[in-house]
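Q: When you get a sec, could you give me coordinates for this:
(chains A and B)
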Amino acid sequence: MRRKVKHAGALLSTALIVQMATACAGASNNGASVEPSSSPAASSGAPASSQASSPAAAPSSSSGERVTLRVMDWADSEKSYREQFIKDFEAKYPNIKIEYTLLTVDQFQNTILTAIKTGDAPDLFPIPATMKLSTAVKEGWYQPLDAYIDDAFKSSFVDGAFTEGTTMLGGQIYSIPALTGVPSTLVFYNKKLFREAGLDPDSPPKTYGEFRAAAMKITDAGKGKYYGIIEGGKQIGRWKLAAIEWSALAGSGFGSESPLSLKDGQASYDSEAMLGVFDLFTGLKKDGSYHAKTMSLSAPEARALFAEGQAGFIVQGEWNVGTWTKNNPDLDFGVMAPPVPDEGQKGYLPRSTYAPWIGMSAATKHPEEAALYLKEYFSKEYQSVLVKNGDRFSVLKDVNESSADIPQFKQYYDIVQQYSRLIPSVAVRNPEVSAVLANFKDPKPGLGDILQGAVAGALKDPATLLKQLSGQTDKALDAAIEQAKAGGAKVERSDFSFSNWSPDKDFSAEDYQALK
Amino acid sequence: MRRTGETKKSRLKVQAWCWLFLTPTLLLFLAFQAWPILAGIYYAMLDWSGLTSDSTFVGTDNFVSVANDYYFWNAFKNSFKFMLGVVPLHLIVPLVLAVILNRPGLRGASFYRTLIFLPVVTTTSIVGIIMVFIWGSDGAVNGALHGIGLLDAPIDWLGNPSWSMFTVVIVSVWKNLGINMVYWLAGLQSIPKELYEAAEMDGARGSKLFFRITVPLLLPIGAVILLLNVVNSLKAFDLIKTMTNGGPFFATDVVSTYIYRYAFSSEMGLPQLGYAAAAGIFFAVTICVLAALQNVITKRIKGRSPL
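A: So this is what the prediction gives:
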């Protein structure tokens, strides 16, 4: 008997192995976590809420009672500016003490769940990247902000920042976006290496063919010291984003808001435009143009090596400009639009509606002080610090135009205006679709996995896998729609098709109206 | 009559004390091992992201999907590939080192022992991150191989699917060399010296001593080392996560990294904790079967051992 018990114990402890493996996983290194999220968003999606709200309540600064306000997020790129912001805030409002916790994305997700469940949620916290606002509100995480913010505050944001289905629910504002999400797959190039390779830094390559040729020239000139292109190859998310955005420029109709193409309403991941992007990337690999370390790097590491002059190109987002200007003043770099197919541009980079970011805990005891923090954080003074330093494009009106003074940052902005268009959002068209997206299970291997594998040389025939992915995505979406319907949501697959979408035009509020 | 009653009573008393002393461990076991296992089994039957409070009971659906997923079986296969690569090396190399370092009169034995043991006390994920540099295409390994003329062009040890598994296996062997060597040393030092002396008197020398005395007497402890290594290699996570993250294209994806991907990360939808739990249990059952098998084998070996 005793022996049996002993055996059972041994078996149970072996059964624990896998549990242990998953339990300790949270602490592991995750390259993606240090990369600022690229939640794309843009202007003039749908009319901002016209609902009048009560004027902002006055903060209780006169009461003399000392209040501790807890803020938690993962905005690591603005750390130094935020520390100064908090100092200034506490000096201005001596009765409020800010307890700010900066986590990585992964840490944040686990911490916030535990905090909310134990009734210990911070007063202000952003929504985890994979969570939909409707789910979070249904779970009782956030409270409407309308009672604490005034019209002047709301109107300081660009049009479309507050939209039903993304940052608003049932006509009330629950969340404020943090970024003007612009495409984050523009190409930065090193002008010094361009000159050494005999290329003209003032006319960077425009087509796939020119891009490959330029990368090859730089690699040849580098003789092993530097290469044509470097990427954070470890990060699946970066590959996925490049595949989606570059293929959209070639006319695939994909965007980050829906798993389906806007062009044909299908999960056509094996379309010509997508295969073209795959050919380009695998071609760069065949040419030997990728930096030898590419596959083992995270995006921030690749960014640092690019800044050291180890590669001619890097596909990255606007936040790099600030980092390089600050840390690598000698780096002579330019920014250009992603290359287009040799036959020419067939589409535009997708720009999405604003993604929700920070909201106020439903359980906060200090809503007025929290609103005061939001007011200062989204003030022109602080936001222009972020823009001036090249950290991000702000969600406030006019700040980007008036505060951007790093030339490449301005140039990035101009290229985005020229090469990207606002794509329709399924969630704006029918807010109930968020139930579908909450039930949607990503087919794996996903687009990013496949592109990464193809560039690594680990798979010979990406086209077959892309076709498979198309089928699986279709199935997963249908299953998610069925599940949402069973849960009472009024959704149809046709919600994902936009008959009046034209790739070269911003999808406007009138376009949404026309669909009704 | 009275006497047996008394012995019974005192035996009961002893048992009561035993249980009393066991209670803290038992409580900890129930709270942190038994409960998570039971909860894991329950979660495996839910369609649940782990983030929200709404979960749907789906019965065995998750298990069916796991069993039908090509990439789960790929990870399953890789887990065993890793195990088969690591375990023989984990047994043989440290044994050789232990035998060498166990020689009486070897100068600096404790220095070498410390040197070999050092990686064991280093955090695995840190080792993984550092190794990415050392085994990188312009890292020290390629540099050294190029320097001695073995390589013309650098090998992409981690980025090339044909080499990546080999690389993580080698690093794992290096990392665990020390602890296995200590196990073997303990085994070696438990062999009575008289046996060697007697054998030497009978004229046995060198390899004969090793194969006729050392090896048979080490078998029981060898079985334990084998068990520990099999189990540890099947649950390998941190080294693979940090060195290759399962890549390139799932070439080093083991069950633990597979589970991690489903439980804690997602691209468009929410994570799938229920599915991940099902994969975990599926795998745990396999390990249990293996552990039971190994138990039987161990006993056979022990039965044959002269000790």
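
Q: can you give me the helices in the stretch 201-350 of chain A?
A: For the stretch 201-350 of chain A, applying DSSP state H, counting those that start in this stretch gives helices covering A:208-222, A:236-249, A:272-286, A:299-307, A:319-327.

Q: nope, chain B is what I meant
A: B:2-29, B:35-43, B:61-68, B:70-101, B:109-117, B:124-134, B:140-147, B:161-189, B:193-201, B:206-209, B:215-234, B:238-243, B:255-264, B:273-304 (DSSP state H).

Q: Can you lay out those helices as a markdown table showing mean neighbour count, distance to chain A and mean pLDDT?
A: Any C-beta I mention is one placed from the backbone N, CA and C, and that applies to glycine too. Output for the helices of chain B, formatted as a markdown table (neighbours: other C-beta atoms under 10 Å in any protein chain shown; distance: least, C-beta to the nearest C-beta, whole Å; pLDDT from 0 to 100):
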| stretch | mean neighbour count | distance to chain A | mean pLDDT |
| --- | --- | --- | --- |
| helix B:2-29 | 10 | 8 | 86 |
| helix B:35-43 | 15 | 5 | 92 |
| helix B:61-68 | 16 | 9 | 90 |
| helix B:70-101 | 18 | 6 | 93 |
| helix B:109-117 | 14 | 23 | 89 |
| helix B:124-134 | 18 | 5 | 92 |
| helix B:140-147 | 14 | 9 | 89 |
| helix B:161-189 | 20 | 4 | 93 |
| helix B:193-201 | 11 | 31 | 86 |
| helix B:206-209 | 11 | 35 | 81 |
| helix B:215-234 | 19 | 6 | 89 |
| helix B:238-243 | 24 | 5 | 92 |
| helix B:255-264 | 25 | 4 | 89 |
| helix B:273-304 | 18 | 4 | 83 |
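
Q: Name the secondary structure element that contains the closest residue in space to A:Y377 that isn't next to it in sequence.
A: Leaving aside its sequence neighbours, A:Y377 sits nearest to A:F85 (C-beta to C-beta, 6 or more residues apart in numbering or on different chains; 7.1 Å). In this assignment (DSSP states H and E), A:F85 forms part of helix A:79-92.

Q: got the buried residues for that helix?
A: Within helix A:79-92, the residues scored as buried using 16 or more other C-beta atoms under 10 Å in any protein chain shown are A:Y81, A:R82, A:F85, A:I86, A:F89.

Q: which residues touch the last one?
A: Neighbouring residues of A:F89 by C-beta atoms under 8 Å, 6 or more residues apart in numbering or on different chains: A:I96, A:I98, A:Y373, A:E376.

Q: ok, the third one touching A:V71?
A: Yes - the pair A:Y373 and A:V71 qualifies as a contact (C-beta atoms under 8 Å) at a distance of 6.8 Å.

Q: can you list residues touching both of these two?
A: With C-beta under 8 Å, 6+ apart, A:Y373 and A:V71 have common neighbours A:I98, A:L124.

Q: re earlier: relative to helix A:319-327, how tilted is the helix holding A:F85?
A: With axes from the mean of the first three to the mean of the last three C-alpha atoms, to 10 degrees as the basis, helix A:79-92 and helix A:319-327 are set at 80 degrees to each other.

Q: so where's the stretch 51-200 of chain A uncertain?
A: A:51-64 (pLDDT under 70).

Q: Residue of it nearest chain B, please.
A: A:T130 (5.1 Å; C-beta to the nearest C-beta).

Q: any idea which element that residue lies in?
A: Counting by DSSP H and E, A:T130 is part of no helix or strand.

Q: tally of neighbours for it?
A: Using other C-beta atoms under 10 Å in any protein chain shown, the number of residues around A:T130 comes to 20.

Q: ok, it touching B:P271?
A: Yes - the criterion here is C-beta under 8 Å, and A:T130 meets it with B:P271 at 6.9 Å.

Q: Now do the shared contacts for those two.
A: Common neighbours of A:T130 and B:P271 (C-beta under 8 Å, 6+ apart) are B:L51.

Q: Just the pLDDT for the closest residue to chain A within chain B.
A: Minimum separation of chain B from chain A (C-beta to the nearest C-beta) falls at B:F249, amounting to 2.8 Å. We have a pLDDT of 88 for B:F249.

Q: quick one: which helix or strand includes the closest residue to it other than its chain neighbours?
A: The shortest distance from B:F249 to any non-neighbouring residue, by C-beta to C-beta, 6+ apart, is to A:G453 (2.8 Å). Applying DSSP H and E as the criterion places A:G453 in helix A:447-456.

Q: what sits against A:I218?
A: A:L193, A:F194, A:E196, A:A197, A:L199, A:Y226, A:Y227, A:G228, A:S289, A:A311, A:G312, A:F313.

Q: how near is it to A:E308?
A: 15 Å (C-beta to C-beta, to the nearest Å).

Q: quick one: the strands in the stretch 401-516 of chain A?
A: Taking DSSP state E, counting those that start in this stretch as the test, the strands found in the stretch 401-516 of chain A are A:420-422.
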